[in-house]
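In: below are the sequence and a predicted model; questions follow.
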Amino acid sequence: QVRLVESGGGLVQAGGSLTLSCSASGRYAVGWFRQAPGKDLVFVAAVNLNGGATFNADSVQGRFTMSRDSAKVTVYLRMNSLKPEDTAVYFCAARVGDDGSAYYIRPDEYDYWGQGTQVTVSS
């Protein structure tokens, strides 16, 4: 069973920064998604298993950076210049059985999900 645990959420003022962590029970391609109240789950960023390729949604490009540690079991999402519209529950997701080179941007491409961590940005 794959386990994912997110941490690092919290309350921050607009313009501030937070770093989210996603600790996995193994090595997987990982994506971050977020869901604001009353809205759909949307893609934020993804990294491939090898850690050499990342992809960000247009809405966070230039502000958010995704990375993974050398052991490849913890993935980070560094969020800078936060805006009130970034307020959401953030989820990390893992895809198993991957060859290591690809990243994925659709929720249905992932097999396991964490419990989510709340990020609130005040204006």
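Out: Alright, I've got the coordinates.

In: show residues contacting the worst-scoring helix or strand of the chain on mean pLDDT.
Out: Comparing helices and strands within the chain by mean pLDDT, DSSP states H and E singles out strand 54-56 as the least confident, with a mean of 90. Contact partners of strand 54-56, identified using C-beta atoms under 8 Å, 6 or more residues apart in numbering, comprise 44-48, 64-67, 103, 105. The way it works is simple: take the backbone N, C-alpha and C, and place the C-beta from them, glycine included.

In: what stretches of the chain score poorly on pLDDT?
Out: Within the chain, no range satisfies pLDDT under 70.

In: Leu11 pairs with what?
Out: Judged by DSSP bridges, the bridge partners of Leu11 are Thr120.

In: go on, Met79?
Out: With DSSP bridges as the rule, Met79 is bridged to Leu18, Phe64.

In: and Pro84, what does it touch?
Out: Taking C-beta under 8 Å, 6+ apart, one finds 14, 121-123 in contact with Pro84.

In: all strands for this protein, in order.
Out: Secondary structure of the chain by DSSP state E: the strands cover 4-7, 10-13, 18-24, 29-35, 41-47, 54-56, 64-68, 74-79, 88-95, 112-113, 117-122.

In: many thanks, I have nothing further to ask.
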